[in-house]
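Enquirer: Here is a sequence with its predicted model. Questions after.
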Amino acid sequence: MAALTQEQTLIREQAKSWMTEQYPVRKFREMRDSGNPLGFSQDTWQGMIDMGWSGILVPEQYGGSGLGYQTFGLVLEETGRQLTASPLFASAYAGATALLVSGSDQQKQDHLPHIVDGSHIMTLAIDEGPRHAPLQTALRAERKGAGFVLNGTKTFVHEGLAATHLIVAARTSGSVGDDHGLTMLIVRADSDGIARNRLSTADSRGYANIGFDHVEVPADAALGEIDAGYASMDAILDRCRAGIAAEMLGTASQAFDMTLEYLKTRVQFGQVIGSFQALGHRAADLFSAMELSRSCMEAALQAIDGDADNIAELCSLSKARTGEFLHEMSNQLIQVHGGIGMTDEFDAGFYLKRARVLETAFGNQAFHRDRYATLLGF
Amino acid sequence: MAQDQLADFRAEVREWLAANFPASLNGRGMAIMDAAFSDGAMQDEAAQWRARLAERGYGAPTWPKEYGGAGLTHPEARVLGDEMAKVGAFNPIPMLAGMGVTMVGPTVLEYGTEEQKRRHLPGIASGEVRWCLGLSEPNAGSDLASLTTRAVDDGDSWRVNGQKVWTSGADRSQWCGALVRTDPDAKKRDGISFLMVKMDQPGIRARPIPLIAGASPFCETFFDDARAEKDDLLGPLNEGWSVVKRLLQHERQSQTSAGGPASGPTVTIQEMARKYVGTNERGELGDADLRTRLAKHLMDAAAHGLTGERITAEARGKVEVSAAASILKNSATVVAQTRAELTLEMMGHQGLGWEGDGFTSGELAAVRGWLSGKAMSIYGGSFEVQKNIISKNILGLPETTQKG
């Protein structure tokens, strides 16, 4: 754990106690069992807004606290630990990031205060196929008068049903695969021509596929440069990768704690199973992977706050390493718990299912190993 | 205030280096130290430089002045290191002293009597007395506490009989810090003492051991009615196990770096891969499988490096010492051994030379480094012992069902 400021320590402690006391995994289970189509309960989300977490990235002039990415990471670790479901990441982290990286003053004024108070839920709509591939963007945005007309499909949009605004990656020129010709557009989710289809996913959270059929947007919908939006889009995605890594490490750390506790209490063959060397060594391996991942996760968020010149490298490192650890840890959570781990009544399954969704979001381990190699010149 | 003092100290060091470091030695540190390691001494200007360092206490700069150090704080010692590096200077004393500066000295400082400190530390700090360590035995490796070398009190002195192995530099050392059994009836960790033994005597014979990588500094050392002075016991009688645990902590501290000291421009492993394997039209390595594994390795290396930095930063911020420190030895080992394997693999047949003109010096060094690197997961607490330590001491899991 990095050395924290007093304010950060306070926020971390608040987040930890709020999440474990008021919105523990049991709340997530209740939400799932209720069949809530949004994938989160409104009172959880309102509670987070009241805690001030929706304003952590937003500068004070727009109603937030402007505490930055490392601070937000502390909260995301805790939501990851308790699987606390809400639009906090999609809107207050990813949405706010898009505006901070690319937004005009007017756009910031129009949206950031509403992100903070929860009246806008903004989310990124980037991917169009089963795998993360921003360059494969095919959704067309064609000029019509001063504005654009959008046609195409976006898949697996986080909080796609709850969102009030979509930040859409669109192709304004060029062809699929080109890095030139990409533009980001802010689109009202209730615009004519938008069809939102709820996805029922393994992790029981809110996702939607979204169709765009002649959706018209005004000229000022463009977020950042027209045709040359790829660089800032990648910068936004990198910040999302670093944030998801913080949530992933939280999820994995909780799985580690549950597993370690079980190793110390479960008795078989007349002794606690943690006294078997095979399991002791496995725990040591998992602990090592956890500590190494933490270093990468913290370094990436630190680099973002410090505007370092190796953000892309560190974000791929963080997403890949944390993903590898979460992958293995979520499997071992089930394995070490044995039969009980297979039951729906026990929480292990929630962690396993959530793990794969988080790994897949914004590029899985393979995506980031490939990107890392490219960034390092081989 | 503290910053001002450091700035003053920096100026003082610069002035001293300008007056005392012979410019002719600039950049020759590695070569001079290699030669001195074999000879045990240095020549001409290098010898003068050693003497000047020793006189100033800069050989072991953080040790107290009265024992041959300079009494520097750690920040001051870092300034000294920085300034020496800037002018191409080097400190040969830790190498000349064998295990003296890095391991024996710090342990004597902690456990030694006043008389022992005055007798042993100045020779180490000046680089004139080389120490080896007699810990492992043929039947006591990872299970070190099962050692059987005996020391018997015969009134005037200790009489030592037994055999040690992996005594690095024993054939060139003046002293040996040996772990010996002084109470054969006690439980195995309770009957052990730490004894300092003079090497130049008829009862001791050291024989170098050639290794898979060729010649090595390692020896096997035989004690045949060897003698040690009564007051050369370090720490209390039969409490050598706690002495050696501290000593091994000093060893681990010196082993957690995945790379050696930088010497001149180094070629990165990815540049080497591009050269040996070639690239496709997109600039990617021609061997996609190797490319993925190389990326994964470089991520492991970055994660290891960042963890070291994180631990340092946490120590500065006075957060409690991170449990993460316990993982560094194994992660350094994985990084170094994987790098060696990948290097050989990308070199293909050129990465399998033993000697001769068919191979570049870099290729030959890669082979020897690959072989000698296999020791990293064996010494200083093997890979498996490190995992035992993490699971027991850090995670609080019960003692494993194995004995030990």
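Expert: Arrived safely.

Enquirer: Number of residues surrounding residue 48?
Expert: Just going to use chain A. For residue A:48, the neighbour count with other Cβ atoms under 10 Å in any protein chain shown is 24. No exception for glycine: its C-beta is placed from N, CA and C like everyone else's.

Enquirer: switch to chain B, that's the one I care about
Expert: Residue B:48, neighbours per other Cβ under 10 Å, totals 14.

Enquirer: how close does it sit to residue B:96?
Expert: 14 Å (Cβ to Cβ, to the nearest Å).

Enquirer: quick one, what contacts residue A:176?
Expert: Applying Cβ atoms under 8 Å, 6 or more residues apart in numbering or on different chains, we find residue A:176 in contact with A:135-138.

Enquirer: try 10 Å this time
Expert: If you count contacts by Cβ atoms under 10 Å, 6 or more residues apart in numbering or on different chains, residue A:176 has them with A:128, A:133, A:135-138.

Enquirer: So residue A:81 sits against residue A:347, correct?
Expert: No - assessed by Cβ atoms under 10 Å, residue A:81 is found out of contact with residue A:347, at 11.3 Å.

Enquirer: Name the residues contacting each of those two.
Expert: The contact lists of residue A:81 and residue A:347 share A:24-25, A:254-255, where a contact means Cβ under 10 Å, 6+ apart.

Enquirer: top of the contacts of residue A:176 by neighbour count?
Expert: Ranked by neighbour count (other Cβ under 10 Å), the contacts of residue A:176 have residue A:137 at the top, with 27 neighbours.

Enquirer: Just give the nearest non-adjacent residue to that one, would you?
Expert: Excluding its sequence neighbours, the residue lying closest to residue A:137 (Cβ to Cβ, 6 or more residues apart in numbering or on different chains) is residue A:169, at 4.9 Å.

Enquirer: Surely that neighbour is within a helix?
Expert: No - assignment of residue A:169 by DSSP: H, G, I helix; E, B strand; the rest coil gives strand, placing it outside any helix.

Enquirer: Quick check: can you list the domain ranges of the chain?
Expert: Defaulting to chain A. In the domain annotation for chain A, the residue ranges read A:6-119, A:124-228, A:231-375 (automatic domain parsing).

Enquirer: Please refer instead to chain B.
Expert: B:2-96, B:131-238, B:255-394.

Enquirer: Those domains into a markdown table, with extra columns for distance to chain A and mean pLDDT?
Expert: As requested, the domains of chain B are exported to a markdown table (distance: least, Cβ to the nearest Cβ, whole Å; pLDDT from 0 to 100):
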| stretch | distance to chain A | mean pLDDT |
| --- | --- | --- |
| domain B:2-96 | 17 | 89 |
| domain B:131-238 | 13 | 95 |
| domain B:255-394 | 3 | 88 |
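
Enquirer: Quick check: which helices or strands does the longest helix along chain B pack against?
Expert: Longest helix in chain B by number of residues (criterion: DSSP state H): helix B:288-316. On a contact count with 3 or more Cβ pairs under 10 Å, 6 or more residues apart in numbering or on different chains; DSSP states H and E, helix B:288-316 meets helix A:277-305, helix A:311-337, helix A:365-375, helix B:269-277, helix B:328-347.

Enquirer: and that helix with helix B:269-277, angle?
Expert: Interaxial angle of helix B:288-316 relative to helix B:269-277 (axes from the mean of the first three to the mean of the last three Cα atoms, to 10 degrees): 170 degrees.

Enquirer: tell me which residues of helix B:288-316 are tucked away?
Expert: By 16 or more other Cβ atoms under 10 Å in any protein chain shown, the buried positions in helix B:288-316 come out as B:290-291, B:293-308, B:310-311, B:314.

Enquirer: before we move on, what about stretch B:167-181?
Expert: Of the residues in stretch B:167-181, those buried (16+ other Cβ under 10 Å) are B:167-181.

Enquirer: got it, and stretch A:325-343?
Expert: Result for stretch A:325-343 [16+ other Cβ under 10 Å]: buried residues A:325-330, A:332-334, A:336-337, A:341.

Enquirer: Just put those residues in CSV and tack on distance to chain B and pLDDT.
Expert: CSV is the format used below for the buried residues of stretch A:325-343 (distance: Cβ to the nearest Cβ, whole Å; pLDDT from 0 to 100):
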residue, distance to chain B, pLDDT
A:325, 10, 98
A:326, 14, 98
A:327, 13, 98
A:328, 14, 98
A:329, 14, 98
A:330, 19, 98
A:332, 14, 98
A:333, 15, 98
A:334, 19, 98
A:336, 12, 98
A:337, 16, 97
A:341, 19, 96
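
Enquirer: any chance of those residues in CSV, with distance to residue B:346 too?
Expert: CSV is the format used below for the buried residues of stretch A:325-343 (distance: Cβ to Cβ, whole Å):
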residue, distance to residue B:346
A:325, 27
A:326, 30
A:327, 27
A:328, 27
A:329, 32
A:330, 34
A:332, 33
A:333, 37
A:334, 38
A:336, 38
A:337, 42
A:341, 41
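
Enquirer: quick one: residue A:301 and residue A:319 touch, right?
Expert: No - using Cβ under 10 Å, residue A:301 is not in contact with residue A:319; the gap is 11.9 Å.

Enquirer: Which one of those two is surrounded by more residues?
Expert: With neighbours defined as other Cβ under 10 Å, residue A:301 and residue A:319 compare such that residue A:319 has more, 34 against 27.

Enquirer: how about the nearest residue to the more buried one, chain neighbours excluded?
Expert: Per Cβ to Cβ, 6+ apart, closest to residue A:319 is residue A:241, 4.2 Å.

Enquirer: Would you enumerate the residues in contact with residue 224?
Expert: As the question left the chain open, I've gone with chain A. Contacts of residue A:224 by Cβ under 10 Å, 6+ apart are A:98-99, A:101-104, A:107, A:182-185, A:230-233, A:235-236.

Enquirer: Not quite, go with chain B.
Expert: With Cβ under 10 Å, 6+ apart, residue B:224 has these contacts: B:160-163, B:202-205.

Enquirer: for residue A:281, same thing?
Expert: Residues counted as contacts of residue A:281 (Cβ under 10 Å, 6+ apart) are B:383-384, B:386-388, B:390-391, B:397, B:400.

Enquirer: Pretty sure residue A:9 sits against residue A:74.
Expert: Yes - judged on Cβ under 10 Å, residue A:9 makes contact with residue A:74 at a distance of 8.8 Å.

Enquirer: surely residue A:204 meets residue A:29?
Expert: Yes - counting by Cβ under 10 Å, residue A:204 sits close enough to residue A:29 to count as a contact (9.2 Å).

Enquirer: Quick check: neighbours shared by those two?
Expert: Counting by Cβ under 10 Å, 6+ apart, the residues touching both residue A:204 and residue A:29 are A:83, A:350.

Enquirer: quick one, strands of the stretch 1-150 of chain B?
Expert: B:131-134, B:150-153 (DSSP state E, counting those that start in this stretch).

Enquirer: would you list those in TSV and tack on mean neighbour count?
Expert: Shown next, in TSV, are these (neighbours: other Cβ atoms under 10 Å in any protein chain shown):
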stretch	mean neighbour count
strand B:131-134	28
strand B:150-153	17
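
Enquirer: what would those look like in CSV with distance to residue B:225?
Expert: Formatted as CSV, the entries for the strands of the stretch 1-150 of chain B read as follows, by distance: least, Cβ to Cβ, whole Å:
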stretch, distance to residue B:225
strand B:131-134, 16
strand B:150-153, 10
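
Enquirer: so which of those gets nearest residue A:42?
Expert: strand B:131-134 (66.6 Å; Cβ to Cβ).
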